[in-house]
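**Student:** I'll drop the sequence and a predicted model, then ask my questions.
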Amino acid sequence: MSAWDSEKFKLLESRIQESTAGKRHVIAVPYYVYLYKPELEVECLKEFRNLALRLSRAGISVETISLASLMIDSLHSLGCLSDSFSKIEESRRNEIAKDLERELLKEISERLKEKLKKKDVSHCAILLRAGSLFPFVHISSLLDQLEGAAHCTLVMPYPGNKEGNMLNYHWENIRTYYRGEII
């Protein structure tokens, strides 16, 4: 098993500290995507929760947000968790998959916008469990939706490789988000 990249993680932490202090103007929006190997998901969760504690102790406003929880709330809101929906889903799987790609993105991004709307760059939001959204919501699409609406320092651990492929899965239509910094 691969080891966690502590040096790369320290770089991310310093970027967050600079951004929340208003000292980082290299990128237009302070969005950071931290790439890690998918098999390190448990380690990732531990490291980012510890990071949030360190940032908080340093006086930085920080929160962790579970994208998995937002997805479950969104699926519930859309009526996708009912027994009647699961019966329909069996016969219309492809159509529902396309609908979910559109509607889940909209629901999750609206929930995030509402949660982050009053936060500025001095606040750090860490969006955990990005892999849970795959394949219905692409991270680049979610960041596109947040641009201009979320003004805080946004950090997203991303289970993928340097090509930006979610979970190292090579998908032809994956777009990469160009405005944030990939670490």
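**Tutor:** Noted; the coordinates are in hand. Numbering: from 1, shown residues only.
**Student:** Helices of the chain, residue ranges please.
**Tutor:** 6-20, 41-57, 67-77, 83-91, 93-116, 139-146 (DSSP state H).
**Student:** Number of residues surrounding K37?
**Tutor:** Using other CB atoms under 10 Å, K37 has 18 other residues around it. Bear in mind the C-beta positions are built from the backbone N, C-alpha and C, glycine included.
**Student:** about what we covered before: any idea which of the helices of the chain gets closest to P159?
**Tutor:** Minimum separation from P159 across the helices of the chain (CB to CB) falls at helix 41-57, 6.3 Å.
**Student:** Could you say which of the helices of the chain is packed most deeply?
**Tutor:** Across the helices of the chain, averaging neighbours per residue (mean count of other CB atoms under 10 Å) puts helix 139-146 on top, at a mean of 20.
**Student:** on contacts alone, who are the packing partners of that one?
**Tutor:** Applying 3 or more CB pairs under 8 Å, 6 or more residues apart in numbering; DSSP states H and E, we find helix 139-146 packed against strand 31-36, helix 93-116, strand 153-159.
**Student:** Would you mind identifying the helix or strand in the protein with the lowest mean pLDDT?
**Tutor:** Averaged element by element with mean pLDDT, DSSP states H and E, the chain has its least confident helix or strand at helix 83-91 (a mean of 72).
**Student:** Lowest average pLDDT across the helices and strands packed on helix 139-146?
**Tutor:** Mean pLDDT is lowest for helix 93-116 among the helices and strands packed on helix 139-146, at a mean of 88.
**Student:** Can you tell me what sits against that helix?
**Tutor:** Counting by CB atoms under 8 Å, 6 or more residues apart in numbering, helix 93-116 makes contact with 65, 67, 70-71, 73-75, 77-78, 80, 88-89, 123, 125, 127, 133, 136-137, 141-142, 145-146, 149-152, 154, all of which sit outside it.
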